[in-house]
Each structure stands twice: as structure tokens, then as C-alpha cells.
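Q: Below are the sequence and a predicted model; questions follow.
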Amino acid sequence: MVFREQDTHALHNEPMYDPELLKKLDFSQSPTKFNPPVTAVNPGENLLVRPLCRADYEKGRYAEMNACKNTYFITVIEDTITNRIIGAATLVIEQKFIHGCAVRGRLEDVVVNDTYRGKQLGKLIVATVELLARQLNCYKLTLDCKDDLIPFYENLGYELQPGNSNYMSMRFQNQSPKLFKMLRSKL
Ligand SMILES: CC(C)(COP(=O)(O)OP(=O)(O)OC[C@H]1O[C@@H](n2cnc3c(N)ncnc32)[C@H](O)[C@@H]1OP(=O)(O)O)[C@@H](O)C(=O)NCCC(=O)NCCS
């Protein structure tokens, strides 16, 4: 089992969402297949899949994100030997005004520390977010990625949407975090 007492020091410090949610995920429902089998509850020796916790941040951002109720579900993989986070992914829940006020999930910021890559952890964190999104009643989960990662996500069950696979953005060069904070404090 994964949430052993000795592994849960950070969980005592305000998890971003209820860790019980991870225990309920049914990995047989995910199109992702693992060999050898792993789940969020059994991610592998000395690994722990858990929500991001207040203790993971010294200050600031965690509280701001956590104040947005039912919006940010950041899940991390911790190496319980070094107590370091070695993988993470963010599920952002977007409340829709259309679609009968449904909720849509967005998968963001998927990353595995480069020394831990090639051990199914990328697959595991993405499958965990997918099952979380299902559990939270999202009607779909979407992501954008660089071209060379399309096979990675296709293998996990994601599909390019014909006629709707163009990622567009507008970057605001002068919007530094400091400036953003100052502007926001004036709102
Ligand atoms: C992409 C990333 C999360 C994959 O993590 P990982 O732990 O190495 O992935 P896994 O071990 O679970 O690999 C699962 C499968 O995907 C394949 N894969 C891994 N990285 C891949 C890549 N960059 N492109 C294509 N396939 C990839 C693996 O070969 C493996 O295939 P298999 O199941 O047939 O053996 C990791 O390389 C990473 O953090 N990259 C930098 C950040 C990034 O690009 N994030 C994605 C933002 S959209």
C-alpha cells in the first residue's frame, strides 16, 4: 500500500485534494496498459503518488491555487527514499457555462525527472490524471503537446481531433510574474 504512515509526512500538510480520491481510481478502466502492472496506489518500490501538498511549496502559489476550489488537482510522484518529487501533472477543471454547465478537464505540465524516465512513470501520472478526471465527472480531458509527443499521448488513448488540432497562442512578452502580481493586487 502506498499511504503508509512513514511515507505521508507531506500529506499531513494540507493536500491539494482528498488523497482518498487516488485510492478509488480503477486502473482497469484506463486504456493505458502497464507492464509490470502499476497503479496510483502501487506505483513501484519507494515511490508515492499523492496530491501536491502545502509542504511542497515554501509559500504563496499553493495557497492561491488551493483557494480556487475544485479547480487545480496537481498530482505528484515522490521518491520516498530521497523525499523528492520526481514527477508531476496538473489537472485543471474548467467549469463550463455551456454544455449544460458541464466540467472539462485540462491536462497540463506533465513531467518526469530525467533520471527516472523510461520506467512507466509518465504513463502512470497521465493515467492517474485521466482516471481522476473521470471520477470528477469531466466530459472530456484535453491537452496540447509538441509534435514529437503525439505518439506518447496516442499510445495512452488520446486522439488528434480532425479539423481541430491546431494549437494557437498569443504570448505577452512583458507580462513578468512580478508585474502580473502587481496588476492582480490592483483588481
Ligand atoms: C514525456 C515524459 C513525461 C515521459 O515520461 P517517461 O516516464 O519517460 O515515460 P514512460 O516511461 O511512461 O514511457 C511510456 C511510453 O512512452 C514512450 N515515450 C516516452 N517519452 C516519449 C517521447 N518523448 N516521445 C514518444 N514516446 C515517448 C516510451 O518509449 C514508452 O513506450 P512503451 O510503453 O512502448 O515502452 C518525459 O519524457 C518528460 O518529462 N519530458 C519532458 C517534459 C515534457 O515534454 N512533458 C510533456 C508536456 S506535454
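A: All right, it came through fine. Numbering: from 1, shown residues only.

Q: Would you map the helices across the chain?
A: Using DSSP state H, the helices of the chain run over 20-23, 61-66, 121-135, 150-154, 177-185.

Q: In CSV, list those along with mean neighbour count, distance to Glu78 and mean pLDDT.
A: In this view, the C-beta of every residue, glycine as well, is placed from N, C-alpha and C. Conversion of those to CSV gives the following (neighbours: other CB atoms under 10 Å; distance: least, CB to CB, whole Å; pLDDT from 0 to 100):
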stretch, mean neighbour count, distance to Glu78, mean pLDDT
helix 20-23, 16, 13, 96
helix 61-66, 15, 16, 82
helix 121-135, 22, 11, 98
helix 150-154, 13, 23, 97
helix 177-185, 9, 26, 56
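
Q: how about the ones you listed, which one is nearest the ligand?
A: Closest of the helices of the chain to the ligand is helix 121-135, at 2.4 Å (criterion: CB to the nearest ligand atom).

Q: who touches that closest one?
A: Where contact means CB atoms under 8 Å, 6 or more residues apart in numbering, the residues beyond helix 121-135 that reach it are 21-22, 24-27, 29-30, 32, 34, 38-40, 43-44, 47, 49, 73, 75, 77, 86-91, 93, 105, 107, 110, 112, 141, 152-153, 156-157.

Q: tell me which parts of this protein are close to the ligand?
A: Contacts of the chain with the ligand, taken as CB under 6 Å from any ligand atom, map to 110-112, 117-123, 145, 148-149, 151-152, 155.

Q: nearest to Ser165, of those?
A: Nearest to Ser165 among those is Cys145, at 10.7 Å by CB to CB.

Q: Now do that closest one, the pLDDT please.
A: pLDDT recorded at Cys145 is 95.

Q: confidence score at Pro37?
A: Among the per-residue scores, Pro37 shows a pLDDT of 96.

Q: from now on call the first residue 232
A: OK, 232 is where the count begins now, so the last one is Pro268.

Q: quick one, what contacts it?
A: Taking CB under 8 Å, 6+ apart as the criterion, Pro268 is in contact with Phe258.

Q: Where does pLDDT dip in this protein?
A: Applying pLDDT under 70 to the chain picks out residues 232-243, 289-291, 406-418.

Q: All the strands of it, in order from the start?
A: When assigned using DSSP state E, the strands of the chain occupy the ranges 278-282, 303-310, 315-326, 334-343, 369-373.

Q: what inclination does the fourth one have with respect to helix 352-366?
A: This means strand 334-343. Orientation of strand 334-343 against helix 352-366 (axes from the mean of the first three to the mean of the last three CA atoms, to 10 degrees) gives an angle of 170 degrees.

Q: Report the buried residues of strand 334-343.
A: Of all the residues in strand 334-343, those buried under the rule 16 or more other CB atoms under 10 Å are 334-339, 341-343.
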